[in-house]
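**Student:** Here is a sequence with its predicted model. Questions after.
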Amino acid sequence: MDFSKLNDDEVVNIYPEVLKELKTRGIIKTNNLIGDLGEYLAIKTYSETPGLPKLQDAPASTKNIDAISTKGERYAIKSSSGTGTGVFASLPTEDDNKIYFEYLILVLFDKNYILQEIYELTWEQFKKLRVMKTPENKWNLPITNTVKKGAKKIK
């Protein structure tokens with residue numbers, strides 16, 4: 001499709017139609033395009049790659065996790081096209097010695113939302129590398145070379 005031939009209103013009106021079609025196909029669930037797309041691609045990659053656990057969506061509104069393996073392991077999935085993840089909104093700011101997920105999957109996109117890399121970190125790795133993001137006072141994970149080198153590269 002040649003977008004340059006469309007007027008401004010026509011181009012703007014394409015976006016909600018694309019979101020609607022992505023929802024119909026089950027690729028996204030909400031209007032959080034990059035977050036939902038990352039979850040979809042992570043689950044698809046894990047489920048289609050020999051040697052990786054088969055993942056399925058966590059039940060809607062489940063705190064802290066986005067997917068569960070067929071063995072019951074809990075996975076948080078964060079997507080980013082920048083230098084860090086969004087915040088982990090439901091994790092406590094103080095360490096309470098609970099494990100909220102076994103693994104964190106990082107799905108990294110370029111600025112054009114093209115999938116670049118997928119990494120996996122354990123809960124312990126996440127705890128060591130997370131930082132408190134202000135002013136939200138919530139944990140997030142900067143995506144640094146240290147994070148990438150310590151993580152398991154999936155794709």
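**Tutor:** Thanks, I have it.
**Student:** Show the residue spans covered by the helices in this structure.
**Tutor:** 8-24, 33-48, 123-129, 145-150 (DSSP state H).
**Student:** deepest of the ones you listed, which one?
**Tutor:** Sort these by mean neighbour count, taking mean count of other CB atoms under 10 Å, and helix 33-48 sits at the top with a mean of 19. Placement of C-beta: from N, CA and C, glycine included.
**Student:** now the angle between helix 8-24 and it, please.
**Tutor:** Calculated by axes from the mean of the first three to the mean of the last three CA atoms, to 10 degrees, helix 33-48 forms an angle of 30 degrees with helix 8-24.
**Student:** average pLDDT for helix 33-48?
**Tutor:** The average pLDDT for helix 33-48 rounds to 95.
**Student:** What of stretch 79-87?
**Tutor:** Per-region confidence: stretch 79-87 scores 92 on mean pLDDT.
**Student:** any residues touching that stretch, and which ones?
**Tutor:** Residues from elsewhere that reach stretch 79-87 (CB atoms under 8 Å, 6 or more residues apart in numbering): 34-35, 37-39, 78, 106-111, 113, 133, 136, 138-144.
**Student:** buried residues in it?
**Tutor:** Within stretch 79-87, the residues scored as buried using 16 or more other CB atoms under 10 Å are 79-80, 85-87.
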